[in-house]
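Enquirer: Give the three-dimensional model of this entry:
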Amino acid sequence: MKKLFCLLLTVLCGMTFAACGGTTVSDDPDDHTETETYEEKLFDGIDAVFDESLGYYNEHPSVLQDGTTRYLFYTRNTKKYDASTDSIAVRVGTYKGGEWTYGEAKTCITVSENGWDSKSVFGADVVKGKFLYNGKEYSWLMSYSGSDRSDRMDADIGLAVAETPDGEWTKVGSEALIEFNSSEWDNVGLSYYPGCIESSLVSFDKSGKVYLFYEESEAFKSNYVYELDCSDLGAIVKGGRKVVETTGTSDLGTSNPLLYGGDFLYDNDSDSFFAAREVRTTATAEPKVADEVEVLRASADVLRRIEQGVTQEEPADWWSEVGDSIDADATADMSDQSRIFGYMRIFSPCIASDAYGYLLEYGKLEVFFTTQACEGDERLPSDHADAYKFSQMIHTLVITY
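Expert: From the prediction side, this is the model:
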């Protein structure tokens, strides 16, 4: 009788979970699949800023605030457990009761049928301004990485435009704006590279002129910035590529510290740039990504000296750290014994900015970042060997200075 009662209880619990466990419906109008069962992700620390089922990766956040509304752009797959369905999505955030709540995901762009971004799109950033394209003026510009490889390698950077952040997005042309040429580095014996990734936009006239920061992962990795006049996207004026120096930074386990995953914003009052970056420490399990992010600050004068071609015999450090880094300890939830160790993988950060890529509030930086489970975690479903690749979540913490 006891066994029968336990069996009935198990069946009843299963029915309850099926009814109340949550479902996800594809936002693709051409996708007519049935609703999907919600699977909770692995929470080792603080909660995510929004919930989405295990099987969907949520990474590369980019957050801007326009008036009293926020827009959270990020990379996700549109089909559960299918990495071939890369897309850039957006969630609209509303503020109530002292916190931001982000709505359902809406797809902005997906891979093209052919060409440079035909297999993957990822790592978008968005800025407000005035951008003419095909005779029509748009208010929003997106930069994003794409590749004709499903592993996202050899990536280039392209643009898209929209009238509203959560509206319909149109890709600009059929060619990338910034192309990666791996042939320049083939003599070192590698067959592929990440390419041009981690683009970050900052407007410097609140109209059509922008700085485009990005990371180029070639044989000798570097961070760069272009000054672009995108007022007429049919005839973009591109200034020369400038190196973003990394002096003042340091990393454990590397002699070439970079602004990995760098996201940039400008503070008009102090005339300085802030940058959130990954701190690359030695990883012993997949994914081999950072386990810490930090915020840096530099005077805008260093960028102007580059533009003007001014050099110094002994250049001063560009960057200094702002506040405390975000690591496993920072992401621990001490009120829950199962979450007191925080997350092992912390990467892909951004700083919430205004619509033009400017600081929201002096002395306060809201940092968004990605976490991910590690390969082999026994809590992951056994029927998906690569489930850890679909476990990413986006979180936020505030750094004060």
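Enquirer: partners of the strand or helix carrying residue 74, with directions?
Expert: Per DSSP states H and E: residue 74 is located in strand 69-77. Taking DSSP bridges as the criterion, strand 69-77 pairs within the sheet with strand 59-66 (antiparallel), strand 86-96 (antiparallel).
Enquirer: highest average neighbour count across those?
Expert: Neighbour counts (mean count of other Cβ atoms under 10 Å) averaged over each of those peak at strand 59-66, with a mean of 23. For glycine as for every other residue, the C-beta is placed from the backbone atoms N, C-alpha and C.
Enquirer: next one: phi and psi at the closest residue to residue 63 other than its chain neighbours?
Expert: Take residue 63 and drop its neighbours on the chain: the residue closest to it by Cβ to Cβ, 6 or more residues apart in numbering is residue 352, 4.3 Å away. Taking degrees, to the nearest 10, you get phi -60, psi 130 for the backbone angles of residue 352.
Enquirer: Start at 713, not 1
Expert: Sure thing, new numbering starts at 713, so read that last one as residue 1064.
Enquirer: The spatially closest residue to residue 1013 that is not a sequence neighbour: neighbouring residues, count only.
Expert: Closest residue to residue 1013 apart from its sequence neighbours, by Cβ to Cβ, 6+ apart: residue 983 at 7.5 Å. Neighbour count for residue 983, taken as other Cβ atoms under 10 Å: 11.
Enquirer: Next one: residue 983, what pLDDT does it get?
Expert: Residue 983 is assigned a pLDDT of 95 by the prediction.
Enquirer: thinking it is in contact with residue 1011, fair?
Expert: Yes. Using Cβ atoms under 8 Å, residue 983 is in contact with residue 1011, at 6.9 Å.
Enquirer: thinking again about what came up before, look up how far residue 864 lies from the residue nearest to residue 1013.
Expert: Distance, residue 983 to residue 864, using Cβ to Cβ, to the nearest Å: 36 Å.
Enquirer: Can you give me every residue that contacts the residue nearest to residue 1013?
Expert: Shown in contact with residue 983 (Cβ atoms under 8 Å, 6 or more residues apart in numbering): 1011-1013.
Enquirer: Let's see which of those residues end up in strands.
Expert: residue 1011 (DSSP state E).
Enquirer: on that earlier part again, buried ones in the strand holding residue 786, by neighbour count?
Expert: 782-789 (16 or more other Cβ atoms under 10 Å).
Enquirer: Also stretch 950-964?
Expert: Here stretch 950-964 shows 954, 956-958, 961, 963 as buried, counting by 16+ other Cβ under 10 Å.
Enquirer: can you give me the strands in the stretch 763-912 of the chain?
Expert: 771-778, 781-789, 798-808, 811-814, 818-822, 832-845, 848-859, 868-874, 881-883, 907-915 (DSSP state E, counting those that start in this stretch).
Enquirer: closest to residue 826 among the contacts of residue 983?
Expert: Nearest to residue 826 among the contacts of residue 983: residue 1012, at 40.7 Å, using Cβ to Cβ.
Enquirer: ok, the closest one touching residue 976?
Expert: No. Counting by Cβ under 8 Å, residue 976 is not a contact partner of residue 1012; they are 10.9 Å apart.
Enquirer: Now for the residue nearest to the spatial centre of the chain: which residues touch it?
Expert: Centroid-nearest residue in the chain: residue 772, 1.6 Å away (criterion: Cα atoms, centre = their mean). With contacts defined as Cβ under 8 Å, 6+ apart, residue 772 is in contact with 786-787, 834-836, 1060, 1082.
Enquirer: which among those gets closest to residue 998?
Expert: Residue 998 has its nearest neighbour among the contacts of residue 772 in residue 1082, at 15.0 Å by Cβ to Cβ.
Enquirer: Where does that closest one sit: helix, strand or coil?
Expert: At residue 1082 the chain is in strand, as set by DSSP: H, G, I helix; E, B strand; the rest coil.
Enquirer: In the sheet, which residues pair with it? Tell me.
Expert: Going by DSSP bridges, residue 1082 forms beta bridges with residue 1059, residue 1106.
Enquirer: Over to residue 814?
Expert: With DSSP bridges as the criterion, residue 814 is bridged to residue 805.
Enquirer: and it, what is it in contact with?
Expert: 761-762, 782, 784, 803-805.
Enquirer: before we move on, what about residue 862?
Expert: Counted by Cβ under 8 Å, 6+ apart, residue 862 has contacts 795-796, 831-832.
Enquirer: I figured residue 883 was touching residue 823, is that so?
Expert: No. Look at residue 883 against residue 823 with Cβ under 8 Å: they stay out of range, at 10.5 Å.
Enquirer: Give me the common contacts of these two.
Expert: The overlap between the contact sets of residue 883 and residue 823 (Cβ under 8 Å, 6+ apart) consists of residue 829.
Enquirer: Could you give the secondary structure assignment for residue 1034?
Expert: strand.
Enquirer: doesn't residue 1010 make contact with it?
Expert: No. In this structure, residue 1034 is not within contact of residue 1010 by Cβ under 8 Å, at 10.2 Å.
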